[in-house]
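Chemist: What follows is a predicted protein model with its sequence.
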Amino acid sequence: MIVDFQNEQNAADEKTLQLVEDVLLFIADKESVAQDAELSVSFVTNEEIQEINKTYRGKDAVTDVISFAMQEHGEGEIQIIGEEPILLGDIIISVDRGREQAIEYGHSFERELAFLAAHGLLHLLGYDHMTEQDEREMFAKQEHYLTEFGLPRTTE
């Protein structure tokens, strides 16, 4: 899978970008995502994500991550049409909110960005949390993947 980073504010250093990419590639492999699939990850401020949330989702509030899928999903599977590279979509992460949540949850900023990226990728792959059951399944899956990768949630 090809990951294109937009990091205009230099909010994440190269080591963090590499960690996020490694986590995304790990999950993509576990989810059997095609190797030529592409996605974009943008790191933005609270103000920028609030504007995006307001414009595209009608919610005038800061959030931590937003995903915009480019593929249609059915029964949790990506529907592939043609032989073009698969454009999964965009993941937009508020770095400000990521820092706040890392402190709130008692783990590293890097772990929080990896969590948010994992959450965004699962959305692009068709997972959602509109019902309590779906939420339990999605969050369990992302925690499982992060733990298996070596980034378990710390508890204090």
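Modeler: Good, I have the coordinates.
Chemist: where along this structure do the helices fall?
Modeler: Using DSSP state H, the helices of the chain run over 14-30, 46-57, 95-105, 109-124, 132-149.
Chemist: With distance to Ala37 as extra columns, can I get the ones you listed in TSV?
Modeler: In this view, the C-beta of every residue, glycine as well, is placed from N, C-alpha and C. Shown next, in TSV, are the helices of the chain (distance: least, Cβ to Cβ, whole Å):
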stretch	distance to Ala37
helix 14-30	7
helix 46-57	22
helix 95-105	24
helix 109-124	9
helix 132-149	17
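Chemist: tell me the most buried of those?
Modeler: helix 109-124 (a mean of 24; mean count of other Cβ atoms under 10 Å).
Chemist: What mean pLDDT does that one get?
Modeler: If you average the pLDDT over helix 109-124, you get 96.
Chemist: same for that helix, what does it pack against?
Modeler: helix 14-30, strand 38-44, strand 65-69, strand 87-94, helix 95-105, helix 132-149 (3 or more Cβ pairs under 8 Å, 6 or more residues apart in numbering; DSSP states H and E).
Chemist: Output these as JSON lines; include the columns distance to Lys54 and mean pLDDT.
Modeler: As requested, the helices and strands packed on helix 109-124 are exported to JSON lines (distance: least, Cβ to Cβ, whole Å; pLDDT from 0 to 100):
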{"stretch": "helix 14-30", "distance to Lys54": "25", "mean pLDDT": "95"}
{"stretch": "strand 38-44", "distance to Lys54": "13", "mean pLDDT": "95"}
{"stretch": "strand 65-69", "distance to Lys54": "11", "mean pLDDT": "94"}
{"stretch": "strand 87-94", "distance to Lys54": "13", "mean pLDDT": "95"}
{"stretch": "helix 95-105", "distance to Lys54": "15", "mean pLDDT": "95"}
{"stretch": "helix 132-149", "distance to Lys54": "24", "mean pLDDT": "94"}
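Chemist: Thanks a lot, catch you later.
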